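Colleague: Sequence and predicted structure below; questions after.
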Amino acid sequence: MTLRANAAGSDMLLAIWREFESGKLAHAYLFTGEKGVGKKTFSNVLAKAILCQAEGDKPCGNCRSCKRFESKTHGNVYYPVPQAKKTIIGVEDLRNILDELSRASLDGGRRVIVIHNAEKMTPASQNCLLKTLEEAPEGVFFLLVTDMERAILPTIRSRCRVVRISPWHPDRILRTLTEKGVSQSRARELTDLCEGSIGKALQMLDDEGYWTDRELVRKTFLNVKRVADVPAASQLLKDKKDDADRLLQILEQELRLFISQIAQNSRDEHGFFPEQWKAADVQSLCRIQDAVLKCKQYRLSNVGWAANAENLMMKIAEEARKWQQ
Ligand SMILES: [Zn+2]
């Protein structure tokens with residue numbers, strides 16, 4: 001996908017494409033925004049476009065540079081990451097790269113350093129990077145990506161063009177998914193669930209297990225109308241201990257979606273909430289959210305899954321009884 005195609009639909013990103021086209025690209029960018037809004041994808045496409053050697057719309061995907069970029073063998077692109085078993089990008093992880101960048105490039109070509117999860121840089125490594133940013137070598141571009149903007153030192157931020165990528169508009173997500181051949185009904189469902197993140201939508205789409213688990217959540221947690229329903233639902237859940245975290249995560253996601261639909265007065269627009277939930281009120285749903293949170297805490301203190309899940313369903317049944325009166 002070319003840079004222009006990737007920027008389509010976002011004024012902010014189209015502005016960068018224009019800077020790129022007119023040769024006025026800044027030497028350092030900081031892409032921020034929530035998880036999954038496309039920061040990483042865009043920074044990668046931009047890096048590839050910067051290095052692409054073809055004429056016309058870039059990246060072309062066919063030139064030698066693009067091929068090497070795709071096969072991750074491009075010598076002029078650098079991705080500092082934490083060392084094995086570490087979670088931070090330390091000074092030593094950056095220094096070799098920065099030293100190399102301070103010398104002229106071997107082939108005279110442009111070079112790009114892409115720092116995904118830039119918040120993982122310690123303050124010391126950020127200061128180390130700052131020196132290079134201040135005396136940016138010719139033809140070297142810095143692309144920093146983070147969903148924790150405040151973890152980046154103000155001195156770094158002030159030397160970067162900060163690009164805050166917003167969540168996608170639902171129409172754009174829907175269109176993108178249907179263009180990819182996703183059925184209309186699934187695309188609608190994904191659009192509702194992905195919270196403005198096309199990355200998340202695509203991840204969910206490819207994840208078979210997700211749809212199975214979601215079906216299970218609907219057959220159990222979302223299906224208890226009264227206390228008498230709990231034992232049967234418990235049976236379905238008792239062997240799902242290994243999937244527990246994900247089941248709870250899906251349940252939370254459904255609750256959030258339902259609450260937001262009630263708030264926007266578009267309750268059950270796409271008709272996938274179980275019938276008995278349609279009379280639920282926000283307060284009651286919030287109490288269920290609290291119960292899910294408790295259930296997660298109990299899991300951390302090793303309360304058995306079967307009993308824990310049953311307890312949560314009892315709570316849901318109790319709330320359901322209120323809205324069915
Ligand atoms: Zn190319």
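Modeller: Structure's in. What do you need? Numbering: from 1, shown residues only.
Colleague: Can you check the pLDDT for the residue of the stretch 201-325 of the chain found nearest the ion?
Modeller: Nearest residue of the stretch 201-325 of the chain to the ion: residue 202, at 24.0 Å (C-beta to the ion). Backbone N, C-alpha and C define where each C-beta goes, glycine included. With respect to pLDDT, residue 202 scores 85.
Colleague: host element of it?
Modeller: According to DSSP states H and E, residue 202 maps onto helix 198-206.
Colleague: for residue 217, same thing?
Modeller: Going by DSSP H and E, residue 217 is part of helix 208-219.
Colleague: what's that helix packed up against?
Modeller: The contact analysis (3 or more C-beta pairs under 8 Å, 6 or more residues apart in numbering; DSSP states H and E) places helix 208-219 against helix 230-237, helix 244-263.
Colleague: mind listing what's buried in it?
Modeller: Under the neighbour-count criterion of 16 or more other C-beta atoms under 10 Å, helix 208-219 has 210, 213, 214, 216, 217, 218 buried.
Colleague: now stretch 109-125
Modeller: Those would be 110-121, 125, for stretch 109-125 by 16+ other C-beta under 10 Å.
Colleague: picking up where we left off before, using PDB, write out every CA atom in the helix holding residue 202.
Modeller: Output of helix 198-206 as PDB, limited to C-alpha atoms (Å, rounded to 0.1, in the frame of the first residue of the first chain):
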ATOM      1  CA  ILE A 198      -8.600  -1.000  12.500                       C
ATOM      2  CA  GLY A 199      -5.600  -2.900  13.800                       C
ATOM      3  CA  LYS A 200      -7.800  -4.500  16.400                       C
ATOM      4  CA  ALA A 201     -10.600  -5.200  13.900                       C
ATOM      5  CA  LEU A 202      -8.200  -7.100  11.600                       C
ATOM      6  CA  GLN A 203      -6.700  -9.000  14.500                       C
ATOM      7  CA  MET A 204     -10.200 -10.100  15.700                       C
ATOM      8  CA  LEU A 205     -11.200 -11.000  12.100                       C
ATOM      9  CA  ASP A 206      -8.300 -13.500  11.700                       C
END
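Colleague: Determine the angle, from 0 to 180 degrees, between it and helix 244-263.
Modeller: Interaxial angle of helix 198-206 relative to helix 244-263 (axes from the mean of the first three to the mean of the last three C-alpha atoms, to 10 degrees): 120 degrees.
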